[in-house]
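Trainee: predicted model, plus sequence, below.
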Amino acid sequence: MKDREIVVENLVKSYPGKVKVTAVDGVNFRVDEGKIFGFLGPNGAGKSTTIKILTTLALPTSGRALVGGFDVVNQATEVRRVAGVALQEIGIDPLMKSMELLVLQGRLFGASKSDATARAKELLELVQLSNAVNRQASTYSGGMRRRLDLAMALVHQPKILFLDEPTTGLDPISRRDVWGEVRRLNRELGITIFLTTQYLEEADELADTVAIIVAGQIAAEGSPTKLKAAMGEESINLIFDTPELAEKGRSTLEHTGDRLQLDRETVRLYLSKAAGSIPTVVTQLQNAGLAPISLTLTQPTLDDVFLQVTGQRLVATEVAQPKSTRSNRRVEVNK
Amino acid sequence: MNTKTLDIAASRPVAKKPLSLPVHIYLLVVRSLTSLLRTPEALLPPIAISIFFLVIYQSTLGKAAGFIPGIGGSYLGFILPLSIVSGSLSGSGIAAQNLVRDIERGYFDKLLLTPVHRAALLLAPILAGAVILGIQAAIVVAVGLLLGLQPATGFLGLLAVVGLGVLLGIGFAGFTVSAALGSGSAAATQGASFLFFPLTFLAPTFVPLALLSGWLEVAAKLNPITYVLEAMRALLNKGWDGNAISTSILACLALAVAMYALAVFALSVRTRRN
């Protein structure tokens, strides 16, 4: 079914000026019906620009994008009908009550007053805000506002949902709430979801397919499992009583595995078949008279994949800023 | 699969045909007013200031008015229009502040993602502002009556005075709304509303037009506020003056059309998809 697909071909967006900035530089991907697509990358990599083009808020410089079978340039109205959008900045008037906002949104999409009201009630139930209907949105917590924003995006029953950094700035519990909601929308309603995020954990948790965008180009794409298998490394982590013992452990295991890392009391041993190597490692340590206080196995994470693809580690940091500024987070890329 | 939630997806098919422009305007005006009335602390100062100046002018200049030729009637009837015009100025700022808040908070983008008529996005804040300043003008008129105002044209004349104040305010609002759309910044919008402030004084503000001369007379004759003041004063102090009323309506319409064109341009810049 075309109406739940996204197809992007050679998408380019550049801003003219003294120094020409190319925010999106020849991006290709497709999102199949009913899938969750995770678009991952640091700030400024081109995530938000891509989502703005796909949701008709910006025009591409060249290339083509079809959302639900409609061209984002020539069929913007059709795209708006088929797609729901929750942008990074929560788009609500905090002086309004959730019911008022949802009914207005429904009416602007052409629903009658009674239909819009009924739909608003259903959505408030869906996002678990039924008991906060008669409060102004300004009294809501961050997580509640996010859920209201999600409900706003769902008013017109979109077949494709765009979520731009849906959990940025949320506490871990609210984050899990949103994840649950996203999964539910996808599984129960079959909504195709395009999600940008700067949290690797989030992409890993939710997405069927992940694309990593760096400097406007897609650096890697695939299912999280595949990407991790192809690029990540498993490791055995050993913690000793003292850094001295850890150093002894390190020299004992020097020739086991592909790579070794010593960090105070911890020895990290990278090797391709970590689980199968545990007996060997334990025997070697026993022979040397060493007993680690902890032995754990680490599966590769998307973080490792990201590191391998970009040579950088993605660190999302929350920065407290005055309310008036539009963005309240920053991404630092550490070499 | 959870059938209850599936029902939610299927139960309310959203109409395919978008509503008409007047309905969109109505919906958005109601929204703006709801939002505005929830911050009465922003609405009260302009009214308070209008009333303050009315009382001050009346008490300090009222006695001296006998020495100014051409006042024609009571000084209160002469100076009350000034109070209403300055109310129109501050009222237009309220409309734009509401819009700029929507832009800053991303709600404007949310509206842009619906099939809403683009003209409704402009007209709604302007008209919501007009409603607010109509209420303001009515309050100022009521205070005038308490101070002993005896309008030459009765109740209908008072309605016409309020109407002219609203019409003038719509023109101002077109300008401040343009500033809001163009800048997307609350501070710049605030600044823009002050730009009109001097216009209040490039007019027969404290004395009749006949007493102005030189560059001030030229400026006053180019200023739409002049004709609104003249018409209001005629209504309050003289009687029905068809000529003054039609000239002032034309002046307001000219201002409104020009400012609306500016606002359309500002909206197209704001919504240009680049």
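Mentor: Cool, got the structure. Remember, it's a predicted structure, so these values are computed and weren't measured experimentally.
Trainee: count the residues that sit near the closest residue to chain B within the stretch 51-200 of chain A.
Mentor: Nearest residue of the stretch 51-200 of chain A to chain B, counting by Cβ to the nearest Cβ: residue A:91, 3.4 Å away. (Glycine included, C-beta is placed from N, CA and C.) Residue A:91 is flanked by 24 other residues according to other Cβ atoms under 10 Å in any protein chain shown.
Trainee: so it, which of the three states?
Mentor: coil (DSSP: H, G, I helix; E, B strand; the rest coil).
Trainee: pretty sure it sits against residue B:106.
Mentor: Yes: Residue A:91 is within contact range of residue B:106, at 3.9 Å (criterion: Cβ atoms under 8 Å).
Trainee: list residues touching both of the two?
Mentor: In terms of Cβ atoms under 8 Å, 6 or more residues apart in numbering or on different chains, residue A:91 and residue B:106 are not both contacted by any residue.
Trainee: so where do the helices sit in the stretch 51-200 of chain A?
Mentor: Ranges of helices in the stretch 51-200 of chain A, per DSSP state H, counting those that start in this stretch, are A:76-82, A:98-108, A:113-126, A:142-154, A:172-189, A:200-206.
Trainee: and if you look at chain B?
Mentor: B:3-11, B:21-37, B:40-61, B:75-104, B:107-112, B:118-146, B:154-183, B:186-195, B:214-222, B:224-233, B:242-271 (DSSP state H).
Trainee: please name whichever of the ones you listed is nearest to residue A:118.
Mentor: helix B:3-11 (7.8 Å; Cβ to Cβ).
Trainee: and the helices of chain B, which one's lowest on average pLDDT?
Mentor: The minimum mean pLDDT among these belongs to helix B:3-11 (a mean of 41).
Trainee: circling back to that earlier point, please tell me how far the residue of the stretch 51-200 of chain A closest to chain B sits from residue A:101.
Mentor: 10 Å (Cβ to Cβ, to the nearest Å).
Trainee: who touches both of those two?
Mentor: Common contact partners of residue A:91 and residue A:101 (Cβ under 8 Å, 6+ apart): residue A:152.
Trainee: most neighbours per residue, which of the helices of the stretch 51-200 of chain A?
Mentor: helix A:98-108 (a mean of 25; mean count of other Cβ atoms under 10 Å in any protein chain shown).
Trainee: tell me the mean pLDDT for that helix?
Mentor: Rounded mean pLDDT across helix A:98-108 is 94.
Trainee: ok, and what's touching it?
Mentor: Contacts to helix A:98-108, defined as Cβ under 8 Å, 6+ apart, come from residues A:92-93, A:96, A:113, A:115-117, A:119-121, A:123-124, A:129, A:132-135, A:137, A:140, A:148, A:151-152, A:155-156, B:14, B:19, B:23-24, B:27-28, B:31, B:34, B:110-111, B:114-116.
Trainee: kindly recompute the last result at 6 Å.
Mentor: For helix A:98-108, the surrounding residues in contact (Cβ atoms under 6 Å, 6 or more residues apart in numbering or on different chains) are A:92, A:116-117, A:119-120, A:123, A:129, A:133, A:148, A:152, A:155, B:27, B:31, B:114, B:116.
Trainee: which of those residues lies closest to residue A:173?
Mentor: Using Cβ to Cβ, the contacts of helix A:98-108 come closest to residue A:173 at residue A:129, 16.1 Å.
Trainee: tell me who's in contact with that closest one.
Mentor: residue A:98.
Trainee: if we use 7 Å, what do you get?
Mentor: Residues near residue A:129 by Cβ atoms under 7 Å, 6 or more residues apart in numbering or on different chains: A:98, A:144, A:147, A:148.
Trainee: do the same with residue B:153
Mentor: Counted by Cβ under 7 Å, 6+ apart, residue B:153 has contacts B:235, B:239, B:240.
Trainee: ok, of those, which come out buried?
Mentor: residue B:235 (16 or more other Cβ atoms under 10 Å in any protein chain shown).
Trainee: how close does the residue of chain B found nearest chain A get to residue A:280?
Mentor: Closest residue of chain B to chain A, Cβ to the nearest Cβ: residue B:110 (3.4 Å). To residue A:280, residue B:110 is 59 Å away according to Cβ to Cβ.
Trainee: and residue A:261, its phi and psi?
Mentor: Phi and psi for residue A:261, reported as degrees, to the nearest 10, are phi -140, psi 130.
Trainee: no, scratch that, I was asking about residue A:33
Mentor: The phi/psi pair for residue A:33 (degrees, to the nearest 10) is phi -50, psi 130.
Trainee: gap between it and chain B?
Mentor: 15 Å (Cβ to the nearest Cβ, to the nearest Å).
Trainee: quick one, what contacts the closest residue to that residue other than its chain neighbours?
Mentor: The spatially closest residue to residue A:33, leaving aside those adjacent along the chain, is residue A:4, at 4.0 Å (Cβ to Cβ, 6 or more residues apart in numbering or on different chains). By Cβ under 7 Å, 6+ apart, the residues touching residue A:4 are A:33, A:34, A:68, A:159, A:160, A:192.
Trainee: per-residue pLDDT, residue A:4?
Mentor: Listed pLDDT for residue A:4 reads 90.
Trainee: again with residue A:311
Mentor: 67.
Trainee: ok, residues contacting stretch B:76-87?
Mentor: Here stretch B:76-87 makes contact (Cβ under 7 Å, 6+ apart) with B:46, B:50, B:53-54, B:57-58, B:62, B:65, B:71, B:133, B:136-137, B:140, B:144, B:147-149, B:151, B:161, B:165, B:168, B:200, B:205, B:225, B:228-229, B:232-233, B:236-237.
Trainee: rerun that using 6 Å as the cut-off
Mentor: So stretch B:76-87 is in contact with B:50, B:53-54, B:57-58, B:71, B:133, B:136-137, B:140, B:144, B:147, B:149, B:165, B:200, B:225, B:229, B:232-233, B:236-237, going by Cβ under 6 Å, 6+ apart.
Trainee: up against chain A, what does the stretch 101-250 of chain B have?
Mentor: B:106, B:107, B:109, B:110, B:113, B:114, B:115, B:116 (Cβ under 6 Å from any Cβ of the partner chain).
Trainee: re earlier: from the contacts of residue A:4, which ones fall inside strands?
Mentor: Mapping the contacts of residue A:4 onto strands (DSSP state E) picks out A:160, A:192.
Trainee: which parts of chain A sit against chain B?
Mentor: A:58-59, A:77, A:80, A:85, A:89, A:91-93, A:95, A:104, A:107-111, A:115, A:119, A:122, A:156, A:188-189.
Trainee: isn't residue A:237 up against residue A:269?
Mentor: No: at 7.6 Å, residue A:237 does not count as touching residue A:269 under the criterion of Cβ atoms under 6 Å.
Trainee: the more surrounded of these two?
Mentor: Under the criterion of other Cβ under 10 Å, the comparison of residue A:237 against residue A:269 puts residue A:269 first, with 22 against 17.
Trainee: A strand includes the more buried one, no?
Mentor: Yes: using three-state DSSP, the assignment for residue A:269 is a strand.
Trainee: quick check: nearest residue in space to residue A:89, chain neighbours excluded?
Mentor: Nearest residue to residue A:89 in three dimensions, chain neighbours excluded: residue B:106, at 3.9 Å (Cβ to Cβ, 6+ apart).
Trainee: burial count for that neighbour?
Mentor: Other residues close to residue B:106 by other Cβ under 10 Å number 17.
Trainee: any idea how far the residue most central in space within chain A lies from residue A:165?
Mentor: For chain A, residue A:197 is the residue whose C-alpha lies nearest the centre (Cα atoms, centre = their mean; 2.9 Å). Distance, residue A:197 to residue A:165, by Cβ to Cβ: 6 Å.
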